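Undergrad: need coordinates for the below:
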Amino acid sequence: MKATGKAPGKGHVLALSGGVGGAKLAAGLAAILPPERLTIVVNTGDDFEHLGLTICPDIDSVIYALAGLNDRLRGWGLADESWQALGMLKTLGEADWFRLGDRDLATHIVRSWRLREGESLSRVTARLAAGLRLAHAVVPMSDTPLRTQVETAEGWMDFQRYFVAEQCRPAVRGIRFAGKAEMAPGFAEALARDDLAAVVICPSNPFLSVDPILAVGGVRDALAGLAIPKLAVSPLIGGKAIKGPLGKLLGELGAGMGNDAIATHYGRLLSHLVIDHADAEDAPDLRARGLGVTVTDTMMHNAADQQRLAHDVLAIAQIDSAG
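TA: Predicted coordinates for the structure are as follows:
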């Protein structure tokens, strides 16, 4: 087990995030922790090629949320977006099932061009973050593609086809991650820090957003060897997911229901689970299995909610948010 080597109350935080809900907590952590004390590692299992562009939905959700540019109503993309290019693409007979906003296209064009020029996804992500004047480290889980696929009655299907084009309608029989990937340099560096004080799994889908990160080579073993708080914020409120197919997946994969299923899924990688007041009745059973549990308000409507929950998480890990 690794010692933290940190002064009491200080240290570095590693956040693992998908999009939407995960991005909200990541933004909350970035609002209260100085840049030198936070690394945000983002799922890239959702990434795909579309119309010649490399799309990284979760990375974009995180950087847009940190920049305060995300569309809270839709839950993805940029606020105050326009759709002229998408309309013209449809007129020209091209696929329009994945909605690309006019300003959002600029992000995808820059990423695709820079990747073709030989830059790593880590470098390109850092370039995009800097362009949005973000100081915190936003790191892809890997610079090598590792693609999430779901098994349906029609066979294996790429995640974005299932999630966006099919609207999660097909029943899922299994999930796999195609490819072999190593940790991006920033991810490996964060895990190896002597002052690493806590790992926070943001409220993202465990199967589709967090498992791809855990599937990257060496990640599970590295996390298992850390003798520091490893917390997850449950993506469930009142036993249900706010967005996305998590509730449906729990049933289809036979994983059980509610926060017990979340705790079972993460197993020994987790030392503490943060759940919502609406699920307070789950706390005794979760504690009985040796898991630390905190009951609080996990709904994040706005930036104040994000920061409040981030403060709660850091308090559990006994980490001071002051620089």
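
Undergrad: just the buried residues of stretch 131-150, please?
TA: When burial is assessed from 16 or more other CB atoms under 10 Å, stretch 131-150 yields the following buried residues: 134, 136-150. For the C-beta atoms, the positions are set from N, CA and C on the backbone; glycine is no exception.

Undergrad: just the helices in the protein please.
TA: With helices called from DSSP state H, the chain shows them at 21-32, 57-66, 84-91, 102-116, 121-131, 159-160, 185-192, 211-214, 219-224, 246-252, 258-266, 283-288, 303-316.

Undergrad: any chance of CSV for the ones you listed, columns distance to N43?
TA: Converted to CSV, those look like this (distance: least, CB to CB, whole Å):
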stretch, distance to N43
helix 21-32, 8
helix 57-66, 5
helix 84-91, 25
helix 102-116, 16
helix 121-131, 12
helix 159-160, 10
helix 185-192, 11
helix 211-214, 5
helix 219-224, 12
helix 246-252, 14
helix 258-266, 15
helix 283-288, 25
helix 303-316, 19
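
Undergrad: so which of the ones you listed gets nearest V13?
TA: For the helices of the chain, distance to V13 was read as CB to CB. The smallest value, 6.5 Å, belongs to helix 21-32.

Undergrad: show me what that closest one is packed against.
TA: For helix 21-32, the helices and strands in contact under the criterion 3 or more CB pairs under 8 Å, 6 or more residues apart in numbering; DSSP states H and E are strand 12-17, strand 38-42, helix 57-66, helix 303-316.

Undergrad: need these in CSV (columns: mean pLDDT).
TA: Written out in CSV, the entries for the helices and strands packed on helix 21-32 read as follows (pLDDT from 0 to 100):
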stretch, mean pLDDT
strand 12-17, 98
strand 38-42, 98
helix 57-66, 97
helix 303-316, 97
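
Undergrad: pull the contacting residues for the nearest residue to S321 once chain neighbours are set aside.
TA: The spatial neighbour of S321 that comes closest, neighbours along the chain excluded (CB to CB, 6 or more residues apart in numbering), is I32 at 4.2 Å. With contacts defined as CB atoms under 8 Å, 6 or more residues apart in numbering, I32 is in contact with Q307, A310, H311, L314, S321.

Undergrad: from those, which two are the most distant?
TA: Q307 and L314 (10.4 Å).

Undergrad: count the residues that sit near A310.
TA: Here the number of neighbours of A310 (other CB atoms under 10 Å) works out to 28.

Undergrad: pull the number of nearby residues for the residue nearest to it when sequence neighbours are not counted.
TA: Ranked by CB to CB, 6+ apart and with sequence neighbours excluded, the top spatial neighbour of A310 is G28, at 3.5 Å. Other residues within reach of G28 by the criterion other CB under 10 Å amount to 27.

Undergrad: same deal with A283?
TA: For A283, the number of neighbouring residues by other CB under 10 Å comes to 16.

Undergrad: do you know how far it is from T39?
TA: The gap separating A283 from T39 is 30 Å, by CB to CB, to the nearest Å.

Undergrad: likewise Y266?
TA: Look at Y266 and T39: by CB to CB, they are 20 Å apart.

Undergrad: who has more neighbours out of these two?
TA: Taking other CB under 10 Å, Y266 and T39 do not tie; T39 has more neighbours (22 against 19).

Undergrad: count the neighbours of the residue lying closest to that one once chain neighbours are set aside for me.
TA: Take T39 and drop its neighbours on the chain: the residue closest to it by CB to CB, 6+ apart is A190, 4.0 Å away. If you count neighbours by other CB under 10 Å, A190 ends up with 23.

Undergrad: ditto for the one 3 residues further on
TA: Counted by other CB under 10 Å, the residues lying close to R193 total 16.

Undergrad: who's in contact with it?
TA: When contacts are counted by CB under 8 Å, 6+ apart, R193 is found next to H12.

Undergrad: start the count at 56, not 1, going forward
TA: Sure, I'll start counting at 56 from here, so that last one is R248.

Undergrad: quick one: mean pLDDT for stretch 158-171?
TA: The average pLDDT for stretch 158-171 rounds to 97.
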